[in-house]
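Below is the structure, and that's it, no one-letter string:
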């Protein structure tokens, strides 16, 4: 069975400090992993994805994530937070089992303080 | 740019009413999805469609139905709206190639059932 756990429901950082949003997954198959961002009253937008190529994935707006198979993790990071990063972030795992299987995490809300 | 549009941003309906939520995508994607988003629960799949006139139940189909008469349009129907269907509804589309591809989301419809 597949599952995804976002370890923090809320994260608060100061502008200019690093961001770490944690995600662990469980999958019996080789997964594809995604991070999406949702700004208030907007749909979800893809930040980055991992699909079995390089384990360090760079996305938009300075975000990156590292796939660590041994730790079953796919944490999202950014060296320096900006006020515009305040949003909700979703970690997503997808597997091809011959049928559709995509599971969204519960989300992490990022607050950025001035 | 892929564009996914939803017919309404905000909708208020009364208990027992029939509700139609429309979604249109302009990228000729075969796959389309309807989710509901509730705080702390992430996104939960209601229904999806792999092609015209094809539909599959997701994780929470009870109380909903769908229609896909044209490739670009995927409709979600609440046959008899209830207060527990008050939620944010998100539509998405995905290009062929399976779960390695990301989904493209509409802006969402916030439905309130009174």
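Great, that's in hand. None of these values were measured; they are calculated from a predicted model.

can you give me the helices for chain A?
Using DSSP state H, no helices are assigned anywhere in chain A.

which parts of it sit against chain B?
Contact residues (CB under 8 Å from any CB of the partner chain) of chain A with chain B: A:9, A:32, A:34, A:36, A:41-46, A:49, A:51, A:90, A:94-96, A:100-102, A:104-107. For glycine as for every other residue, the C-beta is placed from the backbone atoms N, C-alpha and C.

Among those residues, name the buried ones.
Neighbour counting with 16 or more other CB atoms under 10 Å in any protein chain shown marks A:32, A:34, A:36, A:43-44, A:46, A:49, A:51, A:90, A:94-95, A:100-102, A:104-107 as buried within the residues of chain A next to chain B.

sorry, back to before: next step: the residues of chain A next to chain B restricted to strands.
A:32, A:34, A:36, A:44-46, A:49, A:90, A:94, A:102, A:104 (DSSP state E).

Please enumerate residues in contact with the worst-scoring helix or strand of chain A on mean pLDDT?
Averaged element by element with mean pLDDT, DSSP states H and E, chain A has its least confident helix or strand at strand A:102-104 (a mean of 89). For strand A:102-104, contacts defined as CB atoms under 8 Å, 6 or more residues apart in numbering or on different chains pick out A:2-4, A:90-94, B:35, B:42-45, B:99, B:103.

cool, stretch B:44-53 as well?
Residues contacting stretch B:44-53 (CB under 8 Å, 6+ apart): A:100, A:102, A:104, B:30-38, B:55-61, B:64-66, B:68-71, B:74, B:76.

how much space between the residue positioned nearest the centre of chain B and chain A?
Residue closest to the mean C-alpha point of chain B, counted by CA atoms, centre = their mean, is residue B:34 at 2.6 Å. Distance of residue B:34 to chain A, given as CB to the nearest CB, to the nearest Å: 13 Å.

Not counting its own residues, what contacts stretch A:48-57?
With CB under 8 Å, 6+ apart as the test, stretch A:48-57 has contacts from A:30, A:32-35, A:58-60, A:63-68, A:74, A:76, B:100, B:102.

and if you look at stretch B:11-26?
By CB under 8 Å, 6+ apart, stretch B:11-26 touches B:2-8, B:32, B:34, B:72-83, B:89, B:91, B:93, B:104, B:106, B:109-114.

From these, keep the buried residues only.
The buried subset of those - by 16+ other CB under 10 Å - is B:4, B:6, B:32, B:34, B:72, B:74-76, B:78, B:81, B:89, B:91, B:93, B:104, B:106, B:109-111, B:113.
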